[in-house]
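[1] Return atomic coordinates for the entry below.
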Amino acid sequence: MTIGIVAASAGAWIWKNYGKAVTDAAVGAIKEKWEEFKWNEAAERYRLRIGELYGTLRVLGSPTPVSLEGIFTDVFILDRPTAFRRFNITRLRDDPLALTAGNKRISGLRLITLPGAHRLFVLGKPGAGKTTFLKYITLQAVEGKLDKIPIFVSLREWMGSGLDLLPFIARQFEICAFPDAERFIEEVLKAGQSIVLFDGLDEISQEGNQRARSVRALSDFSKQYHSSQCVITCRIAATDYVFEKFNYVEIADFVDEQVRVFVHRWFGDNCVKRDKFLEEVTKEENRGLRELGRIPLLLSLLCLAFDETMKFPQRRVEVYEEALDALLKKWDAARNIQRDEIYRKLSLGRKRQMLARIAAETFEQGDYFLHQDALEARIVDYLKRLPPTDMDEDIDGEAVLKAIEAQHGILVERAWRVYSFSHLTFQEYYTAKYIVDNAANGTLERLIQGHLTDDRWREVFLLTASLLDNADGFFTMFRRAIEGLISDDETLVRILQWAHRQATTADATLKPVAIRSLYFSIPLARRVARAFESIHIRERALNSASSLIATHHSTITYAREHDRLRAAEHDLGVHLRKARSPALAFAHAVSLTHALEPDVDHGRGHDSALDLALDLACRSCSPGTYAYFHAASLRNDVDRMIFLIQNDLAYQRALARTLVLERESGSNWSLSPKQWKKVTIYLKTNLLLTECLDMAYVSDRSGVEENLLLPPGI
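    Numbering: from 1, shown residues only. Down below sits the predicted model:
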């Protein structure tokens, strides 16, 4: 392809067309130079230069740049910035999804071509992809995808140059060898044949009134060259300026489909890594990582972390710390950005300490959303307690809050004067950090005694175990608290004692604690079997779980045929609801068994009581079913668990054999609904302990495990 053809496809006709006006207006020697000027070659040189400048980007943490076009995932734009909307904070606490309700999302690339995009002020969180978006538009324009000459302006570089705006823009065209670049640029701007992309208003320092002066200059520029399209990007927290006739929009967080596209492009042809990443990130235990991946900067960090080992660190806290480190210091430092710091004297350690205190106090109270006044008060309260060397005496809480939001994006304005941590994961991490840092003041005891059975605190428990230098004392308190859940119930203690005796006398290679969990599941399984045996509409006294399931399916079909679907499903639903507590308890028993002996042989087929117990607890679900069953049990998704039970033949066979196990146990334990709830919580907290143990440093790991499921007092 010749230079002329390439240039023509990149809109070189615009250059020549408006260059003619410059040529006609020129006189003397300068006119001769314009007449001899090679427009196509100038356009091609500019295209190549733009490709060199903006065709690649350096990903934080990666030693080599990556192709922007190869990795770019189209952003979506919200038509109304969420921080501008007014919400009652009580409503947000009850319904967080109300924040995004009513907002229209539109493709960023499509938005640029619409009439309403002639003046755009694009807001976004740190790492949301604002700069990448503008660079991609620039590349698209020079490749002829937009019939406009693109002009990309880094506002930080412009302010640092000491030049007025038009001479700074003209300097970018020096590669084209214009006789007088400024005259040509002005002609194009007046004619409306350009799209000017001003990046990073928030990166201009406020010292010496620099940002205010830049705002005036941008405003004057947009008025003078009203025919040309202008786009300005800025972090959400730095929007205390008004640009007339600009539409304010916001870059939205990634949705699942954008995450998939980004991951596909990141890993390219490596399908194995790509598919494995997407499989791992969707697992329930990686909820926090999945949440971080809504921000492109943090998603790229996740891809880097996964790239070498094809798995995420088991201690997810490592990924969280890297993400927070990027937001607190590395992201700006990597781009040589020195921001204003109203709290300049506050060290990085103090910032982390302040965020941890705020997170712990608000999470304890169940506050995910905070009024700005309340948050400012917490900031001021913390800063006033510091020595004078760490903070100025005159503390402006609002200014500090805005600085934290603009510079780090860890606290963000969700609606007008309503704040939260940008990710729940960050609030959970900093809560755990506060607990660990203040363990000498009893925070570990308060965590265990106050929140052991509260699902909302599960991730905080895991993070706390990960952060402790030595978790021996933590697990000692943990086990005592678990024992206290059932120590006052004679029947449950007797079940534990029986399971312990069986484990002590059993001839097996499994760990005693795993055998205890297997035997403990026997009476639970029998109760679940009874619940399913009661699910019949026409037939009674079914002995086989598999025939039971087949029969009730045919019964529902029969009911449909006779227009009795509602009555049949209602009857069935009543019985399933009765099975709720036993199903949950047995789910946690099976989950605990797998956690304690993940590599147990599922193929055992002997007839001893131990082998039958192994068959029940370890073969009860097929591997695929078990994974979903476990996740459903953690979410208390009983309907999903029952569906999986009903459609897993191995599980059905295991339930049918529990009669034999019950006869061998010599007991027929009958538990009240209150006891079933207690058993469910007891097993669930034991399972949580094992998950914490997987994350923790302890001096005697096997000793902690062997103390699980022991009767109180042993």
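[2] Quick check: end-to-end length of stretch 185-196?
    With C-alpha to C-alpha, to the nearest Å as the measure, stretch 185-196 spans 11 Å from end to end.
[3] starting at the chain centroid, how far to that stretch?
    Centre-to-centre, stretch 185-196 and its host chain are 41 Å apart (C-alpha atoms, centre = their mean, to the nearest Å).
[4] With stretch 490-510 instead?
    Distance, centroid of stretch 490-510 to centroid of chain: 42 Å (C-alpha atoms, centre = their mean).
[5] how about the residue nearest to Arg260 when sequence neighbours are not counted, secondary structure?
    Of all residues not flanking Arg260 in the chain, Leu278 sits nearest, at 6.4 Å (C-beta to C-beta, 6 or more residues apart in numbering). Where you see a C-beta, it was placed from the backbone N, CA and C, and this is true even at glycine. What DSSP: H, G, I helix; E, B strand; the rest coil gives for Leu278 is helix.
[6] and Leu278, how many neighbours does it have?
    15 (other C-beta atoms under 10 Å).
[7] okay, it: pLDDT?
    Among the per-residue scores, Leu278 holds a pLDDT of 94.
[8] With the one 4 residues further on instead?
    Looking at Thr282, its pLDDT is 90.
[9] One more: the one 5 residues further on?
    With respect to pLDDT, Arg287 has a value of 86.
[10] Which phi and psi values does it adopt?
    Note on Arg287: backbone dihedrals following degrees, to the nearest 10 are phi -50, psi -40.
[11] how near is it to Lys384?
    36 Å (C-beta to C-beta, to the nearest Å).
[12] quick one, which of these two is more surrounded?
    Using other C-beta under 10 Å as the criterion, Arg287 and Lys384 rank with Arg287 on top: 14 against 10.
[13] residues in contact with the more buried one?
    Glu459 (C-beta atoms under 8 Å, 6 or more residues apart in numbering).
[14] Now with 7 Å, please.
    By C-beta atoms under 7 Å, 6 or more residues apart in numbering, the contact list for Arg287 is empty.
[15] And the one 3 residues further on, by the same measure?
    Arg290 makes contact with Val281, Thr282 under the criterion C-beta under 7 Å, 6+ apart.
[16] where's it, which helix or strand?
    helix 287-292 (DSSP states H and E).
[17] what about the stretch 501-650 of the chain, any weak spots by pLDDT?
    For the stretch 501-650 of the chain, residues meeting the criterion pLDDT under 70 lie at 506-510, 518, 522-591, 593-595, 597-650.
[18] Contacts only, for the nearest residue to Arg58 once chain neighbours are set aside.
    What sits nearest to Arg58 in space, not counting adjacent residues and going by C-beta to C-beta, 6+ apart, is Pro65, at 4.8 Å. Going by C-beta under 7 Å, 6+ apart, Pro65 touches Thr56, Leu57, Arg58.
[19] I'd guess Tyr101 is in a helix, am I close?
    You called it Tyr, but residue 101 is Ala. No. With three-state DSSP as the criterion, Ala101 is located in coil rather than a helix.
[20] Give the buried residues for stretch 41-58.
    42-47, 49-51, 54-57 (16 or more other C-beta atoms under 10 Å).
[21] Give me the subset of these that lies in helices.
    If you go by DSSP state H, the buried residues of stretch 41-58 have Ala42, Ala43, Glu44, Arg45, Tyr46, Arg47, Arg49, Ile50, Gly51, Tyr54 in helices.
[22] Would you reformat these as CSV and include pLDDT?
    Converted to CSV, those look like this (pLDDT from 0 to 100):
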residue, pLDDT
Ala42, 84
Ala43, 84
Glu44, 86
Arg45, 87
Tyr46, 89
Arg47, 88
Arg49, 90
Ile50, 91
Gly51, 90
Tyr54, 90
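[23] With distance to Asn441 as extra columns, can I get those in a markdown table?
    A markdown table is the format used below for these (distance: C-beta to C-beta, whole Å):
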| residue | distance to Asn441 |
| --- | --- |
| Ala42 | 69 |
| Ala43 | 68 |
| Glu44 | 68 |
| Arg45 | 66 |
| Tyr46 | 63 |
| Arg47 | 63 |
| Arg49 | 60 |
| Ile50 | 57 |
| Gly51 | 58 |
| Tyr54 | 52 |
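[24] still on that earlier bit, CA-only coordinates of the helix holding Arg290, as CSV, when you get a sec.
    The C-alpha trace of helix 287-292 is given here as CSV (Å, rounded to 0.1, in the frame of the first residue of the first chain):
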residue,chain,number,x,y,z
ARG,A,287,-16.1,-13.2,45.1
GLY,A,288,-13.8,-10.5,46.4
LEU,A,289,-11.4,-10.9,43.4
ARG,A,290,-14.3,-10.9,41.0
GLU,A,291,-15.5,-7.6,42.5
LEU,A,292,-12.1,-6.0,42.0
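[25] my read: the residue nearest to Arg260 touches Val263, true?
    Yes. If you go by C-beta atoms under 7 Å, Leu278 and Val263 touch, sitting 5.9 Å apart.
[26] Packing partners of the strand or helix carrying Leu688?
    Per DSSP H and E: Leu688 is located in helix 673-695. Under the contact criterion of 3 or more C-beta pairs under 7 Å, 6 or more residues apart in numbering; DSSP states H and E, helix 673-695 touches helix 458-467, helix 472-486, helix 490-505, helix 580-596, helix 701-706.
[27] The ones you listed into CSV, with extra columns for mean neighbour count and distance to Gly442?
    Output for the helices and strands packed on helix 673-695, formatted as CSV (neighbours: other C-beta atoms under 10 Å; distance: least, C-beta to C-beta, whole Å):
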stretch, mean neighbour count, distance to Gly442
helix 458-467, 23, 14
helix 472-486, 18, 11
helix 490-505, 17, 29
helix 580-596, 25, 29
helix 701-706, 15, 22
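[28] All set, thanks.
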